[in-house]
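Enquirer: pasting the sequence and the predicted coordinates here, then a few questions.
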Amino acid sequence: MRKIARIVSLSFLGCIGMGVLLVGCNGGKATEQKTETSAVVEVKTERVRRQPVDQIQSYTGVITPYSKNMIASQSAMRIEKIYVEIGDYVKAGQLLVKMEETAYLQSKLQVENLKTDYGRTQALYESGGVSKQVLDQLKTQLDVAEESLANLKKNTMLLSPIAGIVTARNFDNGDMTGGQSILQVQQLKPVKITLNIQEEYFSAVKPKMDAAIHLDIYPDKEFRGRAHLIYPTVDAVSHTFSTEFTYDNNDLALRPGMFVRAELNFGTIDNVVVPDKAVIKQPGTDDRYVYVVNTDNTVTYVKVKLGQRLGNTYEILSGLNDGDVVVTAGISKLVSGVKVTILATE
């Protein structure tokens, strides 16, 4: 028993005697862990400030014609002649297609005969030869026949209701149509772009509001559109509302189907602006964070909502206050609550 006690005492004294050199003792381990957790990280920071920010929002859209008309006959008829080709510019009221005239000519002859009969009957009525009832009945027949003739004329001589460009031709001369579209005419002066805008800007969009329109095929040119039609409802799923913008397109530079980017300026708001190098993306999410330095020189991991990117800075919509100090360098070594030494503050 005395030998065992002596060995234990020597081991205990050896641990004390080697104090600083001993790594395997519990006291050594505790000291090492304490040093790690109390390490101070060196960082660079920047104090953020509120500043006026133009509320410019970007949207994408596709150019569409201002209006589009399908040129067709109401009933099945044979095409006698098509006067235009795809790409031709046409005026409003211009004759585009002439259909078979047989029914129209027959109706026209009937109207002429009825006009002759009506003239004779009116003379007889004035001399007392026929009653007013007979005259009125003949007048009704004439009115119906003239209306039918006018309708046949519209479906035989097909005119363009708008000024525009022929963009489709589906038949040739001599083809029989069953009421299908023969030609398509699109009005390209002006053109339209429909944008889906966030509901928070509903009250900010006004008629004739400007939009800056950009196309990849014209990299050095900006087109100016104006709000033409603001839809009165908001989509319950996307929380957006549609607005149509028009561009006069007098030079016909913009064509239906072209992809555009449009920018709208909703005015100026004072918001905090933060350097982009201070913003951290949370892996696996779309969340963004920054490290904010507290008064005791510890840092807090703060979630922020980003607005626009402004060169090498971001507009902050929520999460930061005017005057907050954010970490811009040394971020990789940080965790929330760690103490920092500030090397420089911009």
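Expert: Here it is on my side, so go on.

Enquirer: can you report how many residues lie near residue 209?
Expert: By other CB atoms under 10 Å, the residues close to residue 209 number 17. The way it works is simple: take the backbone N, C-alpha and C, and place the C-beta from them, glycine included.

Enquirer: renumber starting at 182 from here on
Expert: From this message on, residue numbering opens at 182, which makes the last subject residue 390.

Enquirer: pLDDT score assigned to it?
Expert: Residue 390 is assigned 95 on the pLDDT scale.

Enquirer: how about residue 315?
Expert: For residue 315, the pLDDT comes out at 89.

Enquirer: which element follows the strand or helix carrying it toward the C-terminus?
Expert: Following DSSP states H and E, one finds residue 315 within helix 313-337. Sequence order places strand 338-340 as the next helix or strand after helix 313-337, per DSSP H and E.

Enquirer: what's the mean pLDDT across that following strand?
Expert: 94.

Enquirer: buried set for that strand?
Expert: By neighbour count on 16 or more other CB atoms under 10 Å, the buried set for strand 338-340 is residue 339.

Enquirer: same question for stretch 461-475.
Expert: 461, 469-474.

Enquirer: so which of these belong to helices?
Expert: Among the buried residues of stretch 461-475, no member falls in helices (DSSP state H).

Enquirer: ok, back up a step: can you list the helices and strands that the helix holding residue 315 packs against?
Expert: Counting contacts by 3 or more CB pairs under 8 Å, 6 or more residues apart in numbering; DSSP states H and E, helix 313-337 is packed against strand 276-280, helix 283-308.

Enquirer: turn the ones you listed into TSV, including mean neighbour count and distance to residue 346.
Expert: Listed next are the helices and strands packed on helix 313-337 as TSV, based on neighbours: other CB atoms under 10 Å; distance: least, CB to CB, whole Å:
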stretch	mean neighbour count	distance to residue 346
strand 276-280	19	12
helix 283-308	14	28
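
Enquirer: out of those, nearest to residue 502?
Expert: Nearest to residue 502 among these is strand 276-280; the distance by CB to CB comes to 66.4 Å.

Enquirer: give the rounded mean pLDDT of stretch 404-411.
Expert: Mean pLDDT, computed over stretch 404-411, is 96.

Enquirer: do stretch 229-243 as well
Expert: Stretch 229-243 comes out at a mean pLDDT of 93.

Enquirer: give me the contacts around that stretch.
Expert: Here stretch 229-243 makes contact (CB atoms under 8 Å, 6 or more residues apart in numbering) with 374-379, 382, 437-455, 488-489, 491, 496-497, 501, 503-507.

Enquirer: check which residues of it are buried.
Expert: For stretch 229-243, the neighbour count (16+ other CB under 10 Å) marks 229, 234, 236, 238, 240, 242 as buried.

Enquirer: again with stretch 337-348
Expert: Within stretch 337-348, judged by 16+ other CB under 10 Å, the buried ones are 337, 339, 341, 343, 345-348.
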